[in-house]
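Undergrad: My questions are about this predicted structure, shown below with the sequence.
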Amino acid sequence: MLEAIIRRLRHDKHGVSNVIVVMLSLVLIVIIVGNVVLWSYQMNQIDLERMQETLNITNVTRITHSPWFTAQNEFSIIAGSRLSGTYTDTKVLDGSYETFREETTQIFNPSNYVISSSTSYVSGNILNLNSNDNAYMNFRSYPNYEVRYQESLTSSSTTSTVYQDKVSISFTPQITADFVIIATAEVQGSSRSYQAKAQLSVNSTAYQELMYRVKDLADWYPFCGLKRLTLNEGTNYVIKIEFCTNNAAETAYIRNARLIIMSLQSEYAESEELSTTSSTSWQDKVTLAFTPPDDGDYLIIATANCRGSATNRDVNIRLVQDDTIVHTDTIRRPGSGTTANYYTFGVIRKVTLDAALHNFKIQYCSSGTPGIAGINYAHLVAIKLSLFDNNHYAEDENESSPAASYTWYDKVTNTYTADDGNYLIMGSISYESGSTSYSVGLEFQTESASRQSPLIEHSSSTTYESTFFMTRQTLTVGSKTDKIRWMGERINARVKNARLISCKLPTLTQTAEVEFTGTSNTQNWTQLEWTIDSSFATTDVATTFQLYNYQTSQYPTSGDGYMADTISMTDVTKNQTITNNPTDFRDTDGNWKIKLRGIKATDTQFELKVDWVELKATTSDIYRLSISNNFFIDLSTYPLSYINGVEILISYNATEDAEKWFLRAYNWTASSFNDVGFNNTGGSQPILNEWNEYAINVIDDWTDYVKNDGTLLIEFLDEGLNTTQAIVEIDFGGVRAIIDGTRLDLRNSSPLTIHIVAIWMTNSTSHQRYNADLFINSGEEVTYIRADIILPESEFIAKVITERGNIAVFTGD
Amino acid sequence: MAAKLRKFLRDKRAITPVLSNLLLMVVAVAAMALATTATYVITTNLRENMSERVIVEDLWFNNSTGNINVYLRNIGKIALQVSTVYINHTFQPFTSPFRLEIGAHRWLNISYSWASGSLYYVDIVTSRGTHVGGYYKAP
């Protein structure tokens, strides 16, 4: 059979073109059918469906209220107890009810919170504390202080005329604070014709700058930097010691560079711009005036950079306290380059101050006429030494001369017993080479190790300079010795005003502290039970809970009103019952407060999570009932912008008529229950044995009571007068929105589901279209409420447009 | 195999039928390609015409402007463009160009001084020739 077909095809010379014609004809048919016939069928289908669609508007009316929104969860009981029924019985006015009973215990939760010091709020709201439900208020801890230290001790060199990094600290503070920055280093240059430069900078802004033309190529000239800056939380800062040369033909060197920043509280003054004087009388450059809160020891640190105008005149600088010299004259005669050179002035000294006004000044003048003394980057800081865990100080103010050249002598020694921990160790000294050809050597030692060792040859035998040293050392328990040693290459070298201090840096801790406040009543309490449920986002936090005692006007540190525990990441419920004078823990207005504090030795911030804070007071004679619940307005149908107020209704039956009953709403702005703006604040006087309907309208300030998600928190409570126990039945409780909207009654009589896409409301002056998105099943009648459509006062036409393009019309007046 | 090749080369009669067949195929393909393209274009236009649906949601004799505003909605399966507006069979200027994507809707403003109580036949014509409109009595 197949062979016959193939044979026939071989003989049929027209077969191929016939096949092609047939195939292409088929393609044509497919195109025609696809493009015309099928599409025509589809459009006919659409037209048919459109014709089948039958939508009627049966009525259009104005509505002034939304439906009632009732309770979705069980009532919270602040005082009293539940006897029977559930919240579902309060959804409809139908005679089924939920029953509550007054009790002599009453529960109070916080209505506000105050975060202490630099604790920061993270999330949650005060209502999260009403129950132990894992809904938290979170707070972030803050550090007692922050400190960063970096050092680069080896010698570095550069021929660059652009500042190069020697030591850098990149730092983002956890909290905004004033940071004291201290820097030390030694610089050297390879040529007497150019300058070696060093500077202290923060985010590329210079705050101390040394420009030193080398006198002796073997010298290591000291650099001292000091600055106090407010560094902002969450902002990154880069603090640097940088160095360079002023000419690429010279190599600049730097070594023993140390940089520390710390946010210990301090007093501070500065004057950074260049000041000059030709006067030989002392001029004030910067004044630090402050009154200590109490008597105490302070560490005074001062820096400046100075310059002279002639190689035969000196620049004099000194530090005075209350017009008494604290640090005697520093005398600097400029070398070659004169005004291009800026030299170091660095001083520390421990002073004891009483609680009176004190003035510290950096003063300067010229040694003679004509001569212009210049000074810039003058900084003065006073740190109270009690801020450190401990400190040890030694000084020797006398001038010393060497018995022999090239021989090292101890100038001042500080011996003390250290604890385990980090110490900030500083020293300062005045020094004179006494020769223009020979140098004076200094050495700052801790535990017999050399930390800094400048070598300076002066341009004048009368030059007497001052510098300070700094290092941070981690010490272990035991006796320690710090020293400043010195040596003269000639016996006319001199040193004086030598001081050493070793300060133990405080242990880094993080603290989260928050105070919760609330209101209660002024009834006679016979017992008070207070409860806190909390945890932390870290382990082992030493936590104290304190209930304020208004009788002693303080938070207790033991006994009633005090609890302590070590709490980790799991919720811990702390509870204490006070039977002895429980009313001491509220004021005359019924206010109370609880403080919660967690402390941990760490530099990492953590979060405090508070789940539940409650005071439960038991009264001897007054029976109370107070219940609350959330009611949710459907904002998708009744947007806040179209709500004009809210209405609250409760239907109840009480077994006592001696006291009134009240409705209050939670004011989300004021964070408390109140009835401001209610049309009736006088309460409802019940009539026995019948359902009492108590309705409230809130037209003014209603927005304070409705949260952004439509939540209203309503409280129903008694007047607080009953000495006999009342039982209250609640048949209905609900809230509804007061609106000025439109209700459309629609009926879909067609066999198809209808999609409403638009509503028109027209009258003689306005044709207004409103977008809609409503599906109506076949045969269904629906009520469509639009809070945003205001029905015209006069005759109107309402039109409803379907997605298929049909229009239903209603004429009203 | 070699014998078959020799026979093919010796067969002088084969060239003409091959050429004629090839020519016939080329003519057939070209003719059908033209026919296919023409069919595609024509049927696509037909399909687009069939797909066009537009409704008048509202017509407003606007007192404040003195014009006629027509709210149109494209309920068809293709974007449309209003090309002409007739009132009482007379062309009237309108906000042009007026294009409606699928499902889009907006006002078409017709500059026309209407008189209260008069009857108007409003005819809106799309670029594909679809008409929408009807009789409207001015309030």
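TA: Structure's in. What do you need?
Undergrad: any idea which helix is longest in chain B?
TA: helix B:15-51 (DSSP state H).
Undergrad: roughly how far is it from the heart of the chain?
TA: When distances are taken as CA atoms, centre = their mean, to the nearest Å, helix B:15-51 is centred 23 Å away from the chain's centroid.
Undergrad: mean confidence score for that helix?
TA: The average pLDDT for helix B:15-51 rounds to 82.
Undergrad: what do you get for stretch A:710-720?
TA: pLDDT averaged over stretch A:710-720 gives 93.
Undergrad: which parts of that stretch are buried?
TA: A:710-718, A:720 (16 or more other CB atoms under 10 Å in any protein chain shown). Every residue, glycine included, has its C-beta placed from N, CA and C.
Undergrad: quick one, domains of chain B?
TA: Domain segmentation of chain B under automatic domain parsing yields B:2-49, B:53-137.
Undergrad: one step back: and the next helix or strand after the longest helix of chain B with chain A, contact?
TA: Toward the C-terminus, helix B:15-51 is succeeded by strand B:54-61 as the next helix or strand (DSSP states H and E). Yes. Judged by CB under 8 Å from any CB of the partner chain, strand B:54-61 comes into contact with chain A through B:55, B:57-58, B:60.
Undergrad: now for strand B:54-61, which elements pack on it?
TA: Under the contact criterion of 3 or more CB pairs under 8 Å, 6 or more residues apart in numbering or on different chains; DSSP states H and E, strand B:54-61 touches strand A:754-762, strand A:767-776, strand A:796-802, strand B:68-74, strand B:119-126, strand B:131-137.
Undergrad: next one: it to chain centre, how far?
TA: That offset, for strand B:54-61, works out to 23 Å (CA atoms, centre = their mean).
Undergrad: Flag every residue of chain B that's near chain A.
TA: Within reach of chain A by CB under 8 Å from any CB, chain B has these residues: B:17, B:21, B:24-25, B:28-29, B:32-33, B:35-36, B:39-40, B:43-44, B:46-47, B:50-51, B:53, B:55, B:57-58, B:60, B:62-64, B:69, B:71, B:73, B:75, B:77, B:105, B:139.
Undergrad: so where's the chain shaky on pLDDT?
TA: With no chain named, the answer covers chain A. A:1-17 (pLDDT under 70).
Undergrad: hmm, I had chain B in mind actually
TA: Scanning chain B with the threshold set as pLDDT under 70 gives B:1-3, B:5, B:7-14.
Undergrad: Next, count neighbours for the closest residue to chain B within the stretch 201-350 of chain A.
TA: Using CB to the nearest CB, the closest approach of the stretch 201-350 of chain A to chain B is made by residue A:234 at 46.9 Å. Counted with other CB atoms under 10 Å in any protein chain shown, the neighbours of residue A:234 add up to 9.
Undergrad: Number of residues surrounding the closest residue to it other than its chain neighbours?
TA: Leaving out its chain neighbours, the residue that sits closest to residue A:234 by CB to CB, 6 or more residues apart in numbering or on different chains is residue A:172, at 6.4 Å. Look at residue A:172: counted by other CB under 10 Å, it has 12 neighbours.
Undergrad: contacting residues around residue A:172?
TA: By CB atoms under 8 Å, 6 or more residues apart in numbering or on different chains, the contact list for residue A:172 reads A:234-237.
Undergrad: if we go to 10 Å?
TA: A:146, A:231-237 (CB atoms under 10 Å, 6 or more residues apart in numbering or on different chains).
Undergrad: quick one: it from residue A:258, how far?
TA: Look at residue A:172 and residue A:258: by CB to CB, to the nearest Å, they are 21 Å apart.
Undergrad: OK, contacts around residue 42?
TA: Just so you know, I chose chain A. B:47, B:50-51, B:77.
Undergrad: actually it's chain B I care about, not the one you picked
TA: A:31-32, A:35-36 are the contacts of residue B:42 under CB under 10 Å, 6+ apart.
Undergrad: Most neighbours among those residues, please name it.
TA: That'd be residue A:35 among the contacts of residue B:42, by other CB under 10 Å, with 21 neighbours.
Undergrad: What values do phi and psi take at residue A:419?
TA: Per-residue torsions, residue A:419: phi -100, psi 170 (degrees, to the nearest 10).
Undergrad: Count residues in the vicinity of it, would you?
TA: Look at residue A:419: counted by other CB under 10 Å, it has 12 neighbours.
Undergrad: Also residue B:75?
TA: 23.
Undergrad: got it, and residue A:778?
TA: Neighbour count of residue A:778, defined by other CB under 10 Å: 12.
Undergrad: Kindly report the same for the one 5 residues further on.
TA: When neighbours are defined as other CB under 10 Å, residue A:783 has 13 of them.
Undergrad: likewise residue A:539?
TA: Number of residues near residue A:539 (other CB under 10 Å) recorded here: 13.
Undergrad: who are the neighbours in contact with it?
TA: Counted by CB under 10 Å, 6+ apart, residue A:539 has contacts A:566-570, A:600, A:602, A:606.
Undergrad: Distance check, it against chain B.
TA: 59 Å (CB to the nearest CB, to the nearest Å).
Undergrad: swap in residue A:544?
TA: 65 Å.
Undergrad: any idea which helix or strand carries that residue?
TA: Assigned by DSSP H and E, residue A:544 falls in strand A:541-547.
Undergrad: Quick check: neighbours of that strand in the sheet, parallel or antiparallel?
TA: Looking at strand A:541-547 with DSSP bridges, its partner strands are strand A:562-567 (antiparallel), strand A:591-600 (antiparallel).
Undergrad: Identify, out of those strands, the most deeply packed stretch.
TA: Among the strands paired with strand A:541-547, ranked by average contacts under mean count of other CB atoms under 10 Å in any protein chain shown, first place goes to strand A:591-600 (a mean of 20).
Undergrad: Quick check: longest strand in chain A by residues?
TA: Across chain A, the longest stretch assigned as strand under DSSP state E is strand A:727-748.
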